[in-house]
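S.K.: no sequence for this one, just the structure:
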């Protein structure tokens, strides 16, 4: 395939789509599927077939539309107009189909209002195609402008140009740390080495985050195109997508997408008629959070235990099989086609001066509408929770938002007006992370939340370095003492000292950031900790406190001495 | 000695070699040209085909890929996905990711543990059900989530999960049905007018 | 030389919790140094003296043994309440040591052999009701009460003990040399 | 060999290019505790005891895995480093069942010595008391997991020097265990050559020679050097 063929393909697909009176898109992302989307799609297909409407109406399985807690979602698209229905059942799907045929409103099902804030307030760049195309048809991606940026880069830009464009855009790593993507690419480009590799990190292990899964499921070609652009920019001919083991659907869609792209000459040898060769293989994770860390991830790709190694050397210098390796998060790669295609200036104009572009968040927890959103960097937490997310259900109060998963921290109500960008979040003692935003109301207990995350880290620690391996276990024990009402203020001091040790001396990012949920909840909710220890009281009613010991008879000491039952082994 | 009778290269018992499930493993070994770095991909396929990784399987994979036995065992036990024990007939997985956790999925685990007299991560004595937990399935919008033999049930409660697990064991397959509708509050914000 | 009972001697005690008494044996190995100690300190409570009740107003108490049962626990609390300085003497008090070997098993499993019935008499081997109730785990002293100094060793030899005691008599904290602070 | 200059604890010192910080530091007579490091084996950077402060680096680095570079400014014994090292040793002692009094290596144990040198006279953390086993199936040697600190010297010496890799780590985190082959009893290992190198490099009483009584288990720290030097000089040829 050469660029001209790509244009033809896009043109033909657009014509095909315009040939329909109406296309009915049914979200086939994991949340909607588990809510019954496939039955809805089946009903629509049957209805269309029975009515002999094949030429007029096309039911389409699309990617994620966003408001996952309202699924299954159905989008009716006709003559440039779109209406979205939520919580569609096979019965209401029949009504919707009937109404489309008759050109009337369905009698008992109402679509979401056109200004539904959850959708209207977003700015979709990375998610532009999510919920708008069928992720399993490469033609639809191409018709939406897909592979245009790659084609442009291969024929009009030098690899240096591509690196420069990415640098100028101000794009930063969407996986957590926010390292400037352009700098990373330039380092990998300059690193000496005959073979180089590009790796997409799709091992989204943060509990409460599923941006990457949704991108891989809803728009797999966008990730592949981003990787190919990276390969061209740094001089790599081989890429790997490391997909989290739990993400079957994402893996399947990526596999299909790679096959299709190779068949069409958009990956493989002589991509788009140029001299650039690029293959992509999938590697499947097997359930280890630590593999989200770059060096562990590479160990895992090479078939080893996912244990990190000391840096330097950095992956860009010495990565897979000792060769320079560029690792970016899936969302970062997914932003690249837009950066290269629409230009660095366009991208840099979105967001804040230091955090440019948009960010995808998985908004969930105690919020009215949970789902996936994409907003410009710098959007305030209040806008996200109350305008887009519709506020807190059941008239409860917002208590805190947890961001960054086990490596992150929380933002309390007092800072609701904080703009969500890398710097502001770091100032508050949390991190942007990969974009999970868990909203908590007054029914959440902060020491309990901290204990939850430490339990996670303790479980996911690879065991290579002593501070993380043992320190996280001891921290978790101390937290459980606190949440069970058997701790002393001395234990709290011990906990804080361990936070410092584990955060400072651990080998890799997992250990270094493991104390963050504790430090952050201590920063804003120290009273709650003190309450648990001194009053043996959990205001949220989450923690089951040990019974108050009988006065005298060594009760207090006994309670303290016993702590909580051990659970190692 | 356990392995004294083994030949160095054909350690495979006739039973395993002729097992139809084994062809998938062989195919994958070939597909990756017996490269040592394919270890995890091969173990994935072996686990998928057999449900767990037996000593014999791991031994075979080690010899084929020419990696030390200890490394195969080290890798197989490092990752949560691999099981060295046969699993139960049915599986019930409770998500304990953050979103599910703040929506009290812990209570579901407790209830199931009590109901089936089995600790999380283990299989019931009768081999009918393996109860396990997972850190986030990325279906946070449906929290709390329980997965029965691969079918996701969103917005579960301790009662609904226990009932569904009992039905699963009784009927032999998971039921497919839309997520229970949450009581809808009309008016005020968002949603249907 | 001071006479017994004069007030300028410090009030000194030793306590034996869950341990083998080896630390106390080692204490006796202080030999002639015991005389020096007696000049500076009055032994107000110890397995060596016949005092039933741990007295009030003790200056320094050395504690041997881990806290392994209810009686140990009550004693440890009383010692802390009534002593100005409490020092863990020997590995059992410092780390739990041999006394805590049982922590690998639940109490019930530890006691089962003793509760089993003797085939001939039909009675349990051990009358468990007559001994203090075991705690779920044997613990180092400092995990139960605040402790001011540590003399590790199993047992700590007399030189170590003397080093620590001399510091205490001078009113200084216990600070053993590197070679004197090994466990085991 | 090109010489580099760096500052260690306010003193200007020289080292050879390519040396690790640990080598330079020790060559200048400064004691830095280590447990996973062993001359002749690859570096692991796992015990974190040799952490030092490097000016311009936001957090301490492990001296064993850091290459010495011209102009580096290093501090090896700041208050916080000393405190961290002590805490790490406390954590190691709390992790498994290190009953020194009944350990074959008492008096000859690197963990015991490091603890004493750092002034660890008690452990503030809860002892985890894991129920772990002993493997006495090998006719000459024994493995006591109660004493293992997961330094992986045994794994590395078996892999890198003996060339067998009988040992590896199974599981992860605090559940990590050293295993032989597919977790076979050591005596039934298909690959073990019974060379005994792992026993000699083990810093604690985890790997020991059978029949040694408490306090008798003296390790031979020069063994590895002799083997490697002999190999380098091809002493066994002709």
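M.R.: Cool, got the structure. Everything numeric here is computed off the predicted structure, so don't read it as measured data.
S.K.: which ones are touching residue A:365?
M.R.: Counting by Cβ atoms under 8 Å, 6 or more residues apart in numbering or on different chains, residue A:365 touches A:208, A:402, A:437-440, B:98-99, B:102-103, B:140, B:143. From N, CA and C alone the C-beta is placed, and that goes for glycine too.
S.K.: and what of residue C:67?
M.R.: Contacts for residue C:67 (Cβ under 8 Å, 6+ apart) come out as A:561, C:17-18, C:73, C:76, C:135, C:138-141, C:143-144.
S.K.: which one of those is nearest chain B?
M.R.: Using Cβ to the nearest Cβ, residue C:135 comes nearest to chain B of the contacts of residue C:67, at 25.0 Å.
S.K.: In chain C, what helix or strand scores lowest on average pLDDT?
M.R.: Averaged element by element with mean pLDDT, DSSP states H and E, chain C has its least confident helix or strand at helix C:107-115 (a mean of 84).
S.K.: about what we covered before: ok, which pair from the contacts of residue A:365 is furthest apart?
M.R.: Using Cβ to Cβ, those span at most 14.9 Å, a distance reached by A:437 and B:103.
S.K.: On the three-state scheme, the residue in the stretch 51-200 of chain A that chain C sits nearest to is what?
M.R.: Proximity of the stretch 51-200 of chain A to chain C (Cβ to the nearest Cβ) peaks at residue A:176, 37.5 Å away. With DSSP: H, G, I helix; E, B strand; the rest coil as the basis, residue A:176 sits in coil.
S.K.: now it, nearest residue through space, not along the chain?
M.R.: Once flanking residues are discounted, residue A:176 sits nearest to residue A:433: 5.0 Å by Cβ to Cβ, 6 or more residues apart in numbering or on different chains.
S.K.: Kindly list the main-chain dihedrals of the one you found?
M.R.: phi 60, psi -160 (degrees, to the nearest 10).
S.K.: what number of residues lie near it?
M.R.: For residue A:433, the neighbour count with other Cβ atoms under 10 Å in any protein chain shown is 27.
S.K.: All the helices of chain B, in order from the start?
M.R.: Taking DSSP state H, the helices of chain B run over residues B:14-17, B:22-31, B:39-50, B:55-65, B:69-78, B:98-102, B:105-116, B:158-171.
S.K.: Take those helices and lay them out in CSV including mean pLDDT, mean neighbour count and distance to chain A.
M.R.: As requested, the helices of chain B are arranged in CSV below (pLDDT from 0 to 100; neighbours: other Cβ atoms under 10 Å in any protein chain shown; distance: least, Cβ to the nearest Cβ, whole Å):
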stretch, mean pLDDT, mean neighbour count, distance to chain A
helix B:14-17, 85, 11, 22
helix B:22-31, 94, 15, 11
helix B:39-50, 95, 21, 4
helix B:55-65, 95, 20, 8
helix B:69-78, 97, 26, 4
helix B:98-102, 84, 30, 4
helix B:105-116, 92, 19, 9
helix B:158-171, 92, 16, 13
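S.K.: re the thing from before, ok, residue A:437 and residue B:103, which is more surrounded?
M.R.: Neighbours per residue (other Cβ under 10 Å) separate residue A:437 from residue B:103, with residue A:437 holding more: 28 against 24.
S.K.: hmm, back to that, so which of the contacts of residue A:365 comes closest to chain D?
M.R.: The closest of the contacts of residue A:365 to chain D turns out to be residue B:98 (Cβ to the nearest Cβ; 19.6 Å).
S.K.: count of residues packed around the nearest residue to the closest one once chain neighbours are set aside?
M.R.: Nearest residue to residue B:98, sequence neighbours excluded (Cβ to Cβ, 6+ apart): residue A:208, at 3.6 Å. Residue A:208 has 31 neighbours, counted by other Cβ under 10 Å.
S.K.: Residue numbers of chain D in contact with chain A?
M.R.: D:43-48, D:51, D:59-60, D:62, D:65-66, D:84, D:87-88, D:91-92, D:94-95, D:124-126, D:128-131, D:149-150, D:169, D:171-176 (Cβ under 8 Å from any Cβ of the partner chain).
S.K.: pLDDT weak spots in chain C?
M.R.: Scanning chain C for pLDDT under 70 picks out C:1-7.
S.K.: If we use 90, what do you get?
M.R.: C:1-8, C:50, C:106-134, C:136 (pLDDT under 90).
S.K.: Contact residues of it facing chain A?
M.R.: Checking chain C against chain A by Cβ under 8 Å from any Cβ, the hits are C:67, C:70, C:73-74, C:76-77, C:135-137, C:139, C:143-145.
S.K.: Keep only those of those residues that are in helices.
M.R.: Counting by DSSP H, the residues of chain C next to chain A place C:70, C:73-74, C:76-77 in helices.
S.K.: for stretch A:235-245, how far is the first residue from the last?
M.R.: Criterion Cα to Cα, to the nearest Å; first-to-last residue distance in stretch A:235-245 is 29 Å.
S.K.: close to chain B, is it?
M.R.: Yes - residues of stretch A:235-245 are located near chain B by Cβ under 8 Å from any Cβ, namely residue A:245.
S.K.: just to revisit the earlier point, select, out of the helices of chain B, the one closest to residue A:456.
M.R.: Using Cβ to Cβ, the nearest of the helices of chain B to residue A:456 is helix B:98-102, at 8.6 Å.
S.K.: Give me the three-state assignment for residue D:70.
M.R.: With three-state DSSP as the criterion, residue D:70 reads coil.
S.K.: how many neighbours does the one residue in chain D that gets nearest to chain B have?
M.R.: When scored by Cβ to the nearest Cβ, chain D has residue D:168 as its residue closest to chain B, at 3.5 Å. Around residue D:168 there are 27 other residues, counting by other Cβ under 10 Å.
S.K.: For it, what are phi and psi?
M.R.: The phi/psi pair for residue D:168 (degrees, to the nearest 10) reads phi -160, psi 180.
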